[in-house]
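Enquirer: Sharing a model prediction with you, sequence too.
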Amino acid sequence: MSGKIVISGAGGQLGQLVAQELKSRGVVDGVTLASRDPSKIAALGFKTARADFDDAASLAAAYQGADVVLILSGDAPNEVRTPQHYRAIDAAKAAGVKRIVYTSFTNATYDSLFDFAKSHTDTEAYLKKSGLAYTVLRNNQYIENLNSGIAHAKDAGVLAQPGATGKVAYLRRADVAAALVGAILGTGHEGKVYEITGPKAYDLFEIAAILTETTGRKVEAVDADPQQYGAMLSGFGLPDFLVKALLGIHAAGAAGEMNLVSGDAEKLAGRKIVSLEEHLRGE
Ligand SMILES: NC(=O)c1ccc[n+]([C@@H]2O[C@H](COP(=O)([O-])OP(=O)(O)OC[C@H]3O[C@@H](n4cnc5c(N)ncnc54)[C@H](OP(=O)(O)O)[C@@H]3O)[C@@H](O)[C@H]2O)c1
């Protein structure tokens, strides 16, 4: 597509990968990277703007004249983040934006055991009601969510998480970014909800077995007690809402909420999506 594109939340990890993916496809002109702190992303070589979900005027200015705005979901507790998303959608509508692409999450339903699913459910509903064209990408868990657990497992030989039996179709952040860019640049994505997943779902025991092979040391998976695990996260200084969300994500995984495997990411990205096993084997 031609036209103006705004990446709202370009300063985050996923946002920066979206910018890099756009650049690698030669799409720089007409793209604005918007962030609470544009100085963080100035070096990426795009036009930048300030956009803060808590400052409607900044959103109105940043989104003005855009054909497509990618709204990357925020990181605050639900009661803050949901109105932030509504503010961004309202600003896009007032600015005459033609289509919004939004990063939702796997199984965005009120029944989900993952607390942030409620915010994604509400945001999706608000988006659909807005009358704007939209494309929703329901992203499964990033492979990178496992990084600290895997680093510990390599040292200690133990990979511990609650909900160990749940299978999750993890994928790399960079592959999510490639799918998002496909949704932004492609045609025919209006009114679509895509399931962005890795090509295979894994439980913690399977991950430990792969690590045992790839590291050459025995890694044992442990189905951690949620209360003890939550206390450990609180001990690391995580705020209560995040501890609740992380315990919820593991409970949701165990309940089978994240085991769906879909080809949507590959279709949107136009290339192969790396599985967790391939990632761990360094492919
Ligand atoms: N699928 C998963 O496994 C998973 C894991 C973690 C998070 N997520 C969700 O996916 C999003 C992107 O992931 P990430 O890894 O890139 O997270 P991240 O690095 O923590 O980035 C946080 C994102 O939230 C935006 N944000 C926060 N407060 C904002 C505000 N007041 N106004 C505007 N933007 C605000 C940031 O934009 P700026 O910094 O540019 O202002 C940035 O895009 C997260 O925010 C979260 O909703 C998904």
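Expert: Looks like it came in fine. Numbering: from 1, shown residues only.
Enquirer: Lys200 versus the residue of the stretch 151-283 of the chain found nearest the ligand, what's the distance?
Expert: Closest to the ligand within the stretch 151-283 of the chain is Arg173: 6.1 Å, counting by CB to the nearest ligand atom. (Each C-beta comes from the backbone N, C-alpha and C, glycine too.) Going from Arg173 to Lys200 by CB to CB, to the nearest Å gives 18 Å.
Enquirer: Compute the first-to-last residue distance for stretch 91-102.
Expert: 14 Å (CA to CA, to the nearest Å).
Enquirer: Check which residues of that stretch are buried.
Expert: For stretch 91-102, the neighbour count (16 or more other CB atoms under 10 Å) marks Ala91, Ala92, Ala95, Val97, Arg99, Ile100, Val101, Tyr102 as buried.
Enquirer: wait, doesn't the first one sit right on Ala60?
Expert: Yes. Taking contact to mean CB atoms under 8 Å, the distance of 5.1 Å between Ala91 and Ala60 places them in contact.
Enquirer: that older thread, among the buried residues of stretch 91-102, which ones lie close to the ligand?
Expert: Contacts with the ligand are made by none of the buried residues of stretch 91-102, judged by CB under 6 Å from any ligand atom.
Enquirer: sorry, back to before: do you know the pLDDT at the residue of the stretch 151-283 of the chain closest to the ligand?
Expert: Arg173 is assigned 98 on the pLDDT scale.
Enquirer: Ignoring the adjacent residues along the chain, who's closest to it?
Expert: Spatial nearest neighbour of Arg173, chain neighbours left out: Tyr142 (4.8 Å); criterion: CB to CB, 6 or more residues apart in numbering.
Enquirer: which residues does that neighbour bridge with?
Expert: Beta bridges link Tyr142 to Leu171 when assigned by DSSP bridges.
Enquirer: That one against Asp175, yeah?
Expert: No. With contact defined as CB under 8 Å, Tyr142 does not reach Asp175; the gap is 9.2 Å.
Enquirer: These two: who's more crowded?
Expert: Asp175 (28 against 18; other CB atoms under 10 Å).
Enquirer: where does the stretch 101-250 of the chain come near the ligand, residue by residue?
Expert: Residues of the stretch 101-250 of the chain lying near the ligand (CB under 6 Å from any ligand atom): Thr103, Asn139, Gln141, Tyr142, Asn145.
Enquirer: Now list the buried members of the residues you listed.
Expert: Using 16+ other CB under 10 Å as the burial test, these include Thr103, Asn139, Gln141, Tyr142 as buried.
Enquirer: list the contacts for the third one?
Expert: Going back to what we said before, that points to Gln141. The contact partners of Gln141, by CB atoms under 8 Å, 6 or more residues apart in numbering, come to Thr106, Val168, Tyr170, Ile249, Gly253, Met258.
Enquirer: can you pick the most crowded of the residues you listed?
Expert: Val168 (30 neighbours).
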